[in-house]
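Asks: Can you look at this prediction? I've put the sequence above it.
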Amino acid sequence: MTATFSHVGISVVNLERSLAFYRDLLGMKVVEEVTFEGERYEAILALKGARGRIAILKSGNLAVELFEFMEPTPKAAEGMRPVSDHGITHVAVEVDDIQELYDRLRTAGVSFHCPPIHFPACATATYARDPDGNVVEMLQLAESGSE
């Protein structure tokens, strides 16, 4: 049996603010929005009294599931957690025109580690931070046969 990745789940402070980033700025499509609570969610999340809202967004093969918890009260994460800390370090999105996206997101106030960097024969990439400080890599793959 082979496992195929389905999606990445991210707990967010404010669902509307995160939708503005993932949907409005990155162009992901919202495929589902639901509220959650009850025994099934308590069991799968291992959180007594769990309740909140979920939005699932999709672009190509990537799906992102955003959770906004009303209960239990979430513990705040370090907003600019270094990518060297253990755990998920980033989510990568492949883009067609990294410079255009970088310029548009910077104008919208998105924070980046650096401008796009070219890695010969591989890709051009940069790391951005979503509204909660999670790292989203923007990646434009090199065309085959270039450099």
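Replies: Cool, got the structure.
Asks: what helices or strands is the host helix or strand of residue 100 leaning on?
Replies: Assessed by DSSP states H and E, residue 100 sits inside helix 98-107. Contacting helix 98-107 under the criterion 3 or more Cβ pairs under 8 Å, 6 or more residues apart in numbering; DSSP states H and E are the following elements: strand 111-112, strand 123-129, strand 135-141. From N, CA and C alone the C-beta is placed, and that goes for glycine too.
Asks: Identify the neighbouring strands of the shortest one in the sheet and state each direction.
Replies: Within its sheet, and counting by DSSP bridges, strand 111-112 is paired with strand 123-129 (antiparallel).
Asks: Just want the angle from the strand it pairs with to strand 135-141.
Replies: Counting by axes from the mean of the first three to the mean of the last three Cα atoms, to 10 degrees, strand 123-129 lies at 160 degrees to strand 135-141.
Asks: how big is the angle separating strand 123-129 from helix 98-107?
Replies: Using the same axes, to 10 degrees, strand 123-129 lies at 10 degrees relative to helix 98-107.
Asks: Only alpha carbons, please: show strand 123-129 as PDB.
Replies: C-alpha atoms of strand 123-129 as PDB (Å, rounded to 0.1, in the frame of the first residue of the first chain):
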ATOM      1  CA  ALA A 123      14.300  26.900  -9.400                       C
ATOM      2  CA  THR A 124      13.700  30.400  -8.200                       C
ATOM      3  CA  ALA A 125      12.300  30.600  -4.700                       C
ATOM      4  CA  THR A 126      11.500  32.700  -1.700                       C
ATOM      5  CA  TYR A 127       9.800  32.200   1.700                       C
ATOM      6  CA  ALA A 128       6.800  34.300   2.800                       C
ATOM      7  CA  ARG A 129       4.900  34.400   6.100                       C
END
